[in-house]
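J.: Return atomic coordinates for the entry below.
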Amino acid sequence: LLFLSCIFQMDTTQESYVDLFPLDAIVYLTPDSENVLEDIDPNKVYVLGGLVDESIHKKLTLQRAQEQSLQTARLPIREYMVKTVNTKNYHSETLAINQVFDVLSTYYETRSWPAALKAGVSSGKGYVLPDISAN
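T.: Coordinates of the predicted model:
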C-alpha cells in the first residue's frame, strides 16, 4: 500500500499503516465511501488502497477500512464531474493509484477540484467536467 503524508512525502513499506500512525490520523481513500473528501488536511495520512477489480471485489477497500475502524473518504468526482455518453455506457469512480495521486497532488497545488479531477480522471472513466461555457 501507498500512503501519503502532507501530500509530498511518499513512502512505501511492508509495515501496516495502522501500526505506523494513530488511527484518527488515517483516512482510507475508497470510491465506495459515503464521505466526500472536501479538502486535504496536512495532519492526516491518506491511504491509497490500490487498483481493485470492481466487478470481482466490489467495496473491498471500504470493507478493509471499516474492519480497521478507519475514516474513509472518496474523491469528489460526482460533485464536480458529469457522466458522459459513451458507447459502452461505462462510468467508474475507481481510479488507479497514479490517477489518485495526480488528483491529490494537483488539488494540493491548485486548491481546485475541477483542475485536480481534470488532471487525474481520464475520459475513459466516463466522467467529464461540465462545459460551463455552454450555460
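
J.: can you give me the strands for the protein?
T.: Assigned by DSSP state E, the strands in the chain fall at 2-5, 9-12, 26-29, 45-48, 71-73, 82-83, 127-128.

J.: Let me see the mean pLDDT of the fifth one.
T.: Strand 71-73 shows a mean pLDDT of 96.

J.: try the first one
T.: Averaging the model's pLDDT scores along strand 2-5 yields 48.

J.: where does this protein have low pLDDT?
T.: Across the chain, the ranges flagged by pLDDT under 70 are 1-11, 50-57, 132-135.

J.: Mind doing that once more with 90?
T.: 1-17, 42, 45-64, 84-98, 101, 122-126, 131-135 (pLDDT under 90).

J.: can you point me to the longest helix in this protein?
T.: Using DSSP state H, we find that the single longest helix of the chain is helix 97-110.

J.: Mind exporting the C-alpha coordinates of it to PDB?
T.: Provided in PDB are the C-alpha atoms of helix 97-110 (Å, rounded to 0.1, in the frame of the first residue of the first chain):
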ATOM      1  CA  ILE A  97      -3.000   4.700  -7.700                       C
ATOM      2  CA  ASN A  98      -1.200   7.100 -10.100                       C
ATOM      3  CA  GLN A  99      -4.500   8.700 -11.000                       C
ATOM      4  CA  VAL A 100      -5.500   9.300  -7.400                       C
ATOM      5  CA  PHE A 101      -2.000  10.700  -6.700                       C
ATOM      6  CA  ASP A 102      -2.300  13.000  -9.700                       C
ATOM      7  CA  VAL A 103      -5.700  14.300  -8.400                       C
ATOM      8  CA  LEU A 104      -4.400  14.800  -4.800                       C
ATOM      9  CA  SER A 105      -1.200  16.500  -5.800                       C
ATOM     10  CA  THR A 106      -2.900  18.800  -8.300                       C
ATOM     11  CA  TYR A 107      -5.600  19.700  -5.700                       C
ATOM     12  CA  TYR A 108      -2.900  20.400  -3.100                       C
ATOM     13  CA  GLU A 109      -1.100  22.800  -5.600                       C
ATOM     14  CA  THR A 110      -4.200  24.500  -7.000                       C
END
